[in-house]
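[1] sequence first, predicted model second:
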Amino acid sequence: MSRSHSAPTAPPTAPMSAAKVVRAYSMDALAYDVTMEDWRTHAATDYGGKMGDDVLSAADGTVLEVGENALYGTYLVVEHSGGMQS
């Protein structure tokens, strides 16, 4: 017989020095999205920071892209070994 166990989750580590959570992860509750102009869940955590703040990566890698997106805001893509990106 197979049993499924739910492991406790650790609090996330902020990816930026002095980061402020501006929109929390929530798949249980709807929040109004001003960009999309509707109510939806939010499958990410958005952080605010200032230009020049250090940013931590999921693993060693190289910054591949920094950009601005109408839906996602300012973002960056890091390329890791094996072609993985975060």
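    Good, I have the coordinates. Residues are numbered from 1 along each chain as shown.
[2] let's test this: mean pLDDT of stretch 74-82, rounded?
    Throughout stretch 74-82, pLDDT has a mean value of 88.
[3] which residues are contacting that stretch?
    By CB atoms under 8 Å, 6 or more residues apart in numbering, the surrounding residues in contact with stretch 74-82 are 55, 57-69, 85-86. Every residue, glycine included, has its C-beta placed from N, CA and C.
[4] run the last query once more with 10 Å
    With CB atoms under 10 Å, 6 or more residues apart in numbering as the test, stretch 74-82 has contacts from 15, 48-49, 51, 55-69, 84-86.
[5] so, low pLDDT: which residues of the protein?
    Along the chain, the parts satisfying pLDDT under 70 run over 1-19.
[6] which residues in it form strands?
    Counting by DSSP state E, the chain has strands at residues 20-23, 26-33, 38-42, 46-48, 62-69, 73-79.
[7] please work out which of the ones you listed is packed deepest.
    For those, the largest average neighbour count (mean count of other CB atoms under 10 Å) is found in strand 46-48, namely a mean of 15.
[8] now do the closest residue to Met36 other than its chain neighbours: how many residues are near it, please.
    Spatial nearest neighbour of Met36, excluding adjacent residues (CB to CB, 6 or more residues apart in numbering): Leu71 at 7.3 Å. Counted with other CB atoms under 10 Å, residues neighbouring Leu71 total 8.
[9] enumerate every residue touching Leu71.
    By CB under 10 Å, 6+ apart, Leu71 lies in contact with 33, 35-36.
[10] of these, closest to Ala24?
    Among these, Asp33 lies closest to Ala24 (CB to CB), at 13.1 Å.
[11] specify the beta-bridge partners of the nearest residue to that closest one once chain neighbours are set aside.
    Distances taken as CB to CB, 6+ apart place Arg40 nearest to Asp33, at 5.3 Å, with adjacent residues excluded. Beta-bridge pairing for Arg40 (DSSP bridges): Ala31.
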